[in-house]
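Novice: Structure, please.
(chains A and B)
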There are 2 protein chains.
Amino acid sequence: MTVTCRRCRSAPAEVQLAYAKLSLCPNCFQEFYVNRVRRTVEEFKMFKPKDKVGVAVSGGKDSMALLHSLKTAFPITNFIALHIDLGIKDYSKHCKEKVEKLAKMLDVELEVFDLESELGFSIDDFRKTIYRRKLCSACGTIKRHLFEVLAERAKTRILATGHNLDDVVATMLNNFFNGNWSQLVRLKPVLKPLMPNQTFKIKPLIKTPEEENLLYCLYSEIPFREVNCPHAHTERLKENKDMLQYLSKGNPGFRHQMLKNFLKLIPILEKAIEKPKLTTCKICGFPSSAEVCAFCKRVEMVRKVKK
Amino acid sequence: MTVTCRRCRSAPAEVQLAYAKLSLCPNCFQEFYVNRVRRTVEEFKMFKPKDKVGVAVSGGKDSMALLHSLKTAFPITNFIALHIDLGIKDYSKHCKEKVEKLAKMLDVELEVFDLESELGFSIDDFRKTIYRRKLCSACGTIKRHLFEVLAERAKTRILATGHNLDDVVATMLNNFFNGNWSQLVRLKPVLKPLMPNQTFKIKPLIKTPEEENLLYCLYSEIPFREVNCPHAHTERLKENKDMLQYLSKGNPGFRHQMLKNFLKLIPILEKAIEKPKLTTCKICGFPSSAEVCAFCKRVEMVRKVKK
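Specialist: This is a model prediction of the structure:
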């Protein structure tokens, strides 16, 4: 028996959203998806329609769906896609092509940081450093820093990232289980900058389940990367997601409920947590807890092995 | 190959404690178990050796192990066993006999509240009330109230209960997942009374994994009930414990780690949570959030159906 879309009551339903007890046709799903993005931006006051907003796009389904849905939800807003070419063999070129394709398709400006040509090394080069077994951690540090640089170039102080509901809740739970409260509070929907000239980090997909980003990409014919990063060891992240799946068993609203709980908990924790003492990195001038920031330390290290 | 006890290095090890990487013989395990009870009491300043301490004993393995280990750890302390005869057919009589046996064995005074003879009804009678589908909830309310009455009769203001590590952590997680923070904070090791003449509730087994209570009973030849309550629907509790088991997979220290996290979280939450406004019940004078307390409401209800 074909189920009819609960919204339009005409087209056959293709998407089942158990947590919302909703069956939708592709068109109504896309509308539902974009509406949620719009409402999330408005609820957390992420930006105003006339703001200039940087969108971090990797080429993956989440960030590509983010850029597309933001542009659809806020047609007058000035979005600028920010992309880092990490110089990873058999991967980064493919990602960049997809990002360029989507930017063109949406008529959105694109600002690219090219690691190899601008800094003289690639993420691959970290294989020769002590980071070879924690490449993803080094890559994360590099990216966090360079998105700030890109935002500066793009003259925006708002940086949207594609973190989805599953990412956020799984990471929150993991931080909670490990008592990492200072990390936990950083997962909130709008993260204020640590220092005045840095970006506000916003998460417009914080209420969007991971699987819906894929569906949205497919239905909206959004290009996205089809290969995985050769360095990605996603076991730990997968474990967290498995846990989330286990906890959601028999309770499809679990992820949403947990997000709600955490969002209530965060302001309480924030009051109790000591703020880290920050200084500025003597090399790059970015906020840092040490004399030289994590980014500059890693750059120094990788440049040594390149010589 | 037989493993030798890591403590005495002579007897064969029978107990493997994965979280502590410890293999122990029965004697050394009993010593280890009692030492943990002693240290827990001391760490949280649950009572002083010369205090009079009421111990709530149901006849189950947890509370029976509690009474035995407390008496062993603090030989000069004046313990008094408190038991409620709930009047449940094919169950309560059996439980009371076990409790009487242990009290005699340990030479500990026993104070029993007999529901049927003192109040004129039994827990079974709730089957005829609107509580028939939530008998355990009504029974919990009745027991909480009557243990206060028993403590008063025994002239003690300290009430020890047999909540074990698994109970506490599973309930904490459940409360956390449901955002029930006011319930969560009540799980701390020492719960101060809401009103001056009520008891301090202490949990000396809060660091003791459930399975060790059973082992301690078996090795110490402690009598304990061998039948289950006919009313017990333990599905939800079992689900919580299953979840705990799942989360502990590959991390035998998970329960201890979570307890530590929660114990750090509780004081933070307490500051943020509004204290409930309490008054005294116009019937019994106990603390209550309404004019008539939950206990008196249930008593009234069950007495109506008995007429």
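
Novice: my guess is residue A:11 meets residue A:3, correct?
Specialist: No: shown here, residue A:11 and residue A:3 do not form a contact pair, counting by CB atoms under 8 Å, at 10.5 Å. C-betas here are computed from N, CA, C, even on glycine.

Novice: low pLDDT regions in the stretch 151-300 of chain A?
Specialist: A:234-237 (pLDDT under 70).

Novice: what does it have sitting close to chain B?
Specialist: Listed as neighbours of chain B in the stretch 151-300 of chain A under the rule CB under 8 Å from any CB of the partner chain: A:176-179, A:243, A:246-247, A:254, A:257-258, A:260-261, A:264, A:268-269, A:271-272.

Novice: and whichever residue of the stretch 1-150 of chain A sits closest to chain B, what does it touch?
Specialist: Relative to chain B, the nearest point of the stretch 1-150 of chain A is residue A:19 (15.0 Å; CB to the nearest CB). Contact partners of residue A:19, counting by CB atoms under 8 Å, 6 or more residues apart in numbering or on different chains, are A:209, A:252, A:253, A:255, A:256.

Novice: quick check, it in a strand?
Specialist: No: Residue A:19: not assigned to a strand; according to DSSP: H, G, I helix; E, B strand; the rest coil it is helix.

Novice: how near is it to residue A:39?
Specialist: As judged by CB to CB, to the nearest Å, residue A:19 and residue A:39 stand 16 Å apart.

Novice: that older thread, narrow the contacts of residue A:19 to those in helices?
Specialist: The helices, defined by DSSP state H, take in A:255, A:256 from these.

Novice: For the contacts of residue A:19, give me JSON lines that also has neighbour count.
Specialist: Below are the contacts of residue A:19 laid out as JSON lines (neighbours: other CB atoms under 10 Å in any protein chain shown):
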{"residue": "A:209", "neighbour count": "20"}
{"residue": "A:252", "neighbour count": "15"}
{"residue": "A:253", "neighbour count": "13"}
{"residue": "A:255", "neighbour count": "24"}
{"residue": "A:256", "neighbour count": "16"}
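
Novice: quick one, helices of the stretch 101-250 of chain A?
Specialist: A:115-119, A:135-153, A:165-177, A:181-184, A:210-219, A:235-248 (DSSP state H, counting those that start in this stretch).

Novice: Give the buried residues for the third one.
Specialist: Judged by neighbour count using 16 or more other CB atoms under 10 Å in any protein chain shown, the buried positions of helix A:165-177 are A:165-177.

Novice: Identify the farthest-apart pair in the contacts of residue A:19.
Specialist: Within the contacts of residue A:19, A:209 and A:253 form the most distant pair, 10.8 Å apart (CB to CB).

Novice: on that earlier part again, looking at residue A:11 and residue A:3 now, which is surrounded by more residues?
Specialist: Shown here are residue A:11 and residue A:3; by other CB atoms under 10 Å in any protein chain shown, residue A:11 has more neighbours (15 against 12).

Novice: which residues does the spatially closest residue to that one that is not a sequence neighbour contact?
Specialist: Nearest residue to residue A:11, sequence neighbours excluded (CB to CB, 6 or more residues apart in numbering or on different chains): residue A:25, at 3.5 Å. Residues counted as contacts of residue A:25 (CB under 8 Å, 6+ apart) are A:5, A:7, A:8, A:10, A:11, A:12, A:13, A:14, A:15.

Novice: so of these, which ones are in strands?
Specialist: Taking DSSP state E as the definition of strands, the contacts of residue A:25 contribute residue A:15.

Novice: Who are the contact partners of the spatially closest residue to residue A:231 that is not a sequence neighbour?
Specialist: Distances taken as CB to CB, 6+ apart place residue A:135 nearest to residue A:231, at 4.6 Å, with adjacent residues excluded. For residue A:135, the contact set (CB under 8 Å, 6+ apart) comprises A:123, A:126, A:127, A:231.

Novice: Residue A:79 belongs to a helix?
Specialist: No: under three-state DSSP, residue A:79 sits outside any helix and is assigned strand.

Novice: quick revisit: report the buried members of the residues of the stretch 151-300 of chain A next to chain B.
Specialist: A:176, A:177, A:179, A:243, A:247, A:254, A:257, A:258, A:261, A:268, A:269.

Novice: what's the closest of those residues to residue A:198?
Specialist: residue A:269 (21.8 Å).

Novice: So the closest one lies in a helix, does it not?
Specialist: Yes: counting by three-state DSSP, residue A:269 is located in a helix.

Novice: ok, residue A:115 - how many residues close by?
Specialist: Using other CB under 10 Å, the number of residues around residue A:115 comes to 23.

Novice: Now it: closest residue in space, sequence neighbours ignored.
Specialist: Here the residue nearest residue A:115, using CB to CB, 6+ apart, is residue A:87, at 4.8 Å.

Novice: How about the contacts made by that neighbour?
Specialist: Contacts for residue A:87 (CB under 8 Å, 6+ apart) come out as A:114, A:115, A:116, A:121, A:122, A:123, A:124.

Novice: what helix or strand is it on?
Specialist: Counting by DSSP states H and E, there is no helix or strand that carries residue A:87.

Novice: Against residue B:152, how distant is it?
Specialist: 75 Å.

Novice: what's the answer for residue A:113, then?
Specialist: Residue A:113 sits 72 Å away from residue B:152, going by CB to CB.

Novice: the more surrounded of the two?
Specialist: Counted by other CB under 10 Å, residue A:113 and residue B:152 do not tie: residue A:113 has more neighbours, with 20 against 14.

Novice: Would you agree the more buried one is in contact with residue A:149?
Specialist: Yes: contact criterion CB under 8 Å: residue A:113 and residue A:149 qualify, at 6.5 Å.

Novice: Dump the contacts of residue A:19 to JSON lines, plus distance to residue B:58.
Specialist: Formatted as JSON lines, these follow (distance: CB to CB, whole Å):
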{"residue": "A:209", "distance to residue B:58": "43"}
{"residue": "A:252", "distance to residue B:58": "37"}
{"residue": "A:253", "distance to residue B:58": "35"}
{"residue": "A:255", "distance to residue B:58": "37"}
{"residue": "A:256", "distance to residue B:58": "38"}
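
Novice: which stretches of the stretch 1-150 of chain A aren't confidently modelled?
Specialist: Counting by pLDDT under 70, the ranges of the stretch 1-150 of chain A that qualify are A:1.

Novice: ok, back up a step: by neighbour count, which of the contacts of residue A:135 wins?
Specialist: residue A:123 (26 neighbours).

Novice: Please list all residues in contact with it.
Specialist: Neighbour list for residue A:123: A:86, A:87, A:88, A:115, A:135, A:138, A:139, A:142, A:231 [criterion: CB under 8 Å, 6+ apart].
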